[in-house]
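missing the sequence, but the structure's below:
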């Protein structure tokens, strides 16, 4: 959502001249680029346990992060105040870090104030001449379209979470709890959480680009415990969107409640299968977690710069079957990963990492794009103003192919339906998941489950192969 630029300037108590002075001070000592990231984020959360609001929280995160690039070096500092003196100290510290030849920069003691924190991003790697089309220049750091507003607002909202009272959400949470409890007699505990945040963001850089954005986020989650014949099963369901208070509809409540009690019979009926390697067919939906972990992270440019990904140096190569195309999309309206601008002021984009089986692009922030001599892909992301941006996914998924569901299942004995926890190794491109159902050649399917690393058992759904009775 966009507001008038004056709203953001007034919120952070700065003027255009102040912004120019700060980035000018950042590059004064020979820096090639400087950017400012202002953030004002309001967080709320509520927890309903056993029908009682057991906890709630509210806090505001406010400050500015300042980054200075000089060659292959990055200096970063932040201030939790936006008064001129604090920001000036921060930009000087970032410039000193960028100029330092050591991973442990020498910063004058008098520049370290209570409102100032320092961090270094370390060596950013050497520009490769064979890929440095404009690398090292200001043009290499410039996004494809230098604009203060993209063509579309991907998350307009009507109800501002910041204007709502926490007490207004409690009846909705209580209704969700009752609906889940009434949906299955085996329910013995229901925990409902509702959290939301709204972030006002303003970014300015030494290229003269000013970008502003207001980002909403609402999340409803429910954790349910079931008991049958002395056995316990757990299930968690959540929904998270970039939207305002209007997300709290009865249809969303019904959707979450229905999913929370769905498939519990199969979980209690699940048995432990034999271990070993086996072919897997991934179902649409939660199986995207495996794609995210095993391949998505391996496409992030910082891992490829360091040679830590199995896809390092393989741009233009065939990495999978022609039927497969994988995209990262920051332009899905209302999606949790949507961005009007990323955290470097680059417009949100849809990027093909793999197109028809060929590795086409990594996911880039400005620094990695400069290194590889390409345009940023809108994937610069920060934890908050306290952290420098790094290239990370938005919403990563695989496009549909030509094969039918029946053909895929018929060609394999095993189909993976739903995932829980797991781990990933970028270099190996591997991931471990613990829910599946076995499809035998016989007519009766076998239900399977495996224990996770914590010793807890996650039971697994099954479904009958097409054409069987």
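Ah, there it is. Since this is a predicted model, take the numbers as computed values, not measurements. Residues are numbered from 1 along each chain as shown.

any chance you could map the helices in the stretch 1-150 of the chain?
Under the criterion DSSP state H, counting those that start in this stretch, the stretch 1-150 of the chain carries helices at the ranges 5-11, 16-27, 84-99.

wait, which of those is closest to residue 176?
helix 5-11 (34.2 Å; C-beta to C-beta). In this view, the C-beta of every residue, glycine as well, is placed from N, C-alpha and C.

where's the closest one relative to the chain centroid, distance-wise?
Counting by C-alpha atoms, centre = their mean, to the nearest Å, helix 5-11 is centred 27 Å from the centre of its parent chain.

Give the rounded mean pLDDT of stretch 158-178.
Stretch 158-178 shows a mean pLDDT of 96.

where in this protein is pLDDT low?
Along the chain, segments meeting pLDDT under 70 span 101-151, 412-469.

center of it, which residue is that?
Per C-alpha atoms, centre = their mean, the C-alpha nearest to the average position across the chain is that of residue 394, at 5.3 Å.

Tell me how this protein divides into domains.
Per the record, the chain has its domains at 5-45+54-141, 161-198+216-268, 281-459, by automatic domain parsing.

right, so of those domains, which gets closest to residue 209?
Here domain 281-459 is closest among the domains of the chain (C-beta to C-beta), at 5.5 Å.

Quick one: classify residue 393 as helix, strand or coil.
The local conformation at residue 393, judged by DSSP: H, G, I helix; E, B strand; the rest coil, is coil.

and it, how many neighbours?
Number of residues near residue 393 (other C-beta atoms under 10 Å) recorded here: 19.

How about it: what's its closest non-neighbour residue?
Leaving aside its chain neighbours, residue 393 sits nearest to residue 296 (5.0 Å; criterion: C-beta to C-beta, 6 or more residues apart in numbering).

Equivalent analysis for residue 252, please.
residue 239 (6.3 Å).

That neighbour pairs with what?
residue 220 (DSSP bridges).

List the residues that contact it.
Each residue near residue 239 by C-beta atoms under 8 Å, 6 or more residues apart in numbering is listed here: 219-221, 247, 252, 255-256.

which pair in those spans the largest distance?
Across the contacts of residue 239 (C-beta to C-beta), the longest gap, 14.3 Å, separates 219 and 255.

between those two, which one's more packed in?
residue 219 (16 against 13).

distance of that one from residue 78?
For residue 219, the distance to residue 78 equals 26 Å [C-beta to C-beta, to the nearest Å].

How about the contacts made by residue 203?
35-38, 209-212, 341, 343-345.

and those residues, which of them are in strands?
In strands, defined here by DSSP state E, the members of the contacts of residue 203 are 35-38, 210-212.

Quick check on residue 164: phi, psi?
phi -90, psi 150 (degrees, to the nearest 10).

got the contact list for the closest residue to it other than its chain neighbours?
Nearest residue to residue 164 in three dimensions, chain neighbours excluded: residue 245, at 5.4 Å (C-beta to C-beta, 6+ apart). Each residue near residue 245 by C-beta under 8 Å, 6+ apart is listed here: 157-161, 164, 196, 218.

Among those residues, name the buried ones.
For those, a burial check counting by 16 or more other C-beta atoms under 10 Å picks out 157, 161, 196, 218.
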